[in-house]
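**Q** compute the structure for the input listed below.
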Amino acid sequence: MSNLFSIFDPTTEINNMSLNWTSTAIGLLLIPTSIWLVPSRNSMMVTLLMNKLHQEMKTILSKGNENKGNSFILTSLFLMILTNNFLGLFPYIFTSTSHLTLTLTLALPMWLSFMLFGWIKNTNHMFEHLVPQGTPSMLMPFMVIIETISNVIRPGTLAVRLTANMIAGHLLLTLLGNNGPSMSHTLLTVLITAQILLLILEAAVAIIQSYVFAILSTLYSSEVN
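**A** Model prediction:
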């Protein structure tokens, strides 16, 4: 199994310096120069996507925070994760979002900042979240424990969800692709068709998972206000 998962190991290096993680910066090269020169179809498409996402996040965030730039930070996070997810679909490009090193780096500081802000600025509001409205008195201690655990594991679930979904699709594509040389021509046609369909599915997963990560982060941010 170590050989199977070795496709996700950051082993490409020059002079003991890993080069795989530079894929997270390749997205900057994909930004068309027409974005800051002349409006083009690419820039209009990205702008429309960001505006739609910005409006959706503004409705989720509380009234006091929708004009403080929170939604712009989260839309930028969505665009970064989406770019890295799509880059991983190309051959010989390291999928940085398939590692907990990156996903936890994104989720943990963000969740920690939400918690610090909530407990410092809105302490009573944070205590209210520990006991849902209408909870019987006998169940209140258990609800406090359950809500605390569910709150603590949030950054882990954010990171693991994104990592597991990116790893699963890539592993399936790799396993099917390794069987190609030993197949007959008829089965090889079926395999190629299946690989194309799986690649389309992976493209959809890349969009969905980046959207889920950004929206859940927005929901966690709205709960502390």
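
**Q** from here on, just use CA atoms for contacts and neighbour counts.
**A** Noted.

**Q** for the protein, give me the ranges with low pLDDT.
**A** Low-confidence segments of the chain, defined by pLDDT under 70, span residues 1-19, 27-40, 62-69, 225.

**Q** in the lengthiest helix in it, what's buried?
**A** With DSSP state H setting the assignment, residue counts place helix 185-223 as the longest helix in the chain. With burial defined by 16 or more other CA atoms under 10 Å, the residues of helix 185-223 counted as buried are 188, 191, 195, 198-199, 202-203, 205-207, 209-211, 213-215, 217-218, 220-223.

**Q** now do stretch 153-165
**A** In terms of neighbour count (16+ other CA under 10 Å), stretch 153-165 has its buried residues at 154, 155, 158, 159, 160, 161, 162, 163, 165.

**Q** same deal with stretch 162-179?
**A** Within stretch 162-179, the residues that qualify as buried by neighbour count (16+ other CA under 10 Å) are 162, 163, 165, 166, 167, 169, 170, 173.

**Q** ok, now stretch 131-151?
**A** By neighbour count with 16+ other CA under 10 Å, stretch 131-151 contains the buried residues 131, 143, 144.

**Q** mind listing the helices for this structure?
**A** Listed in chain order (using DSSP H), the helices of the chain are 23-26, 41-60, 70-87, 100-121, 123-130, 140-152, 154-178, 185-223.

**Q** want to throw the ones you listed into JSON lines with distance to residue 94?
**A** As requested, the helices of the chain are arranged in JSON lines below (distance: least, CA to CA, whole Å):
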{"stretch": "helix 23-26", "distance to residue 94": "6"}
{"stretch": "helix 41-60", "distance to residue 94": "24"}
{"stretch": "helix 70-87", "distance to residue 94": "8"}
{"stretch": "helix 100-121", "distance to residue 94": "12"}
{"stretch": "helix 123-130", "distance to residue 94": "40"}
{"stretch": "helix 140-152", "distance to residue 94": "30"}
{"stretch": "helix 154-178", "distance to residue 94": "11"}
{"stretch": "helix 185-223", "distance to residue 94": "15"}
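
**Q** any buried residues in stretch 51-60, and which?
**A** Neighbour count says stretch 51-60 has 53, 54, 57, 58, 60 buried, by 16+ other CA under 10 Å.

**Q** just the residues you listed now: which is nearest residue 44?
**A** Closest to residue 44 out of the buried residues of stretch 51-60 is residue 53 (14.1 Å), distances taken as CA to CA.
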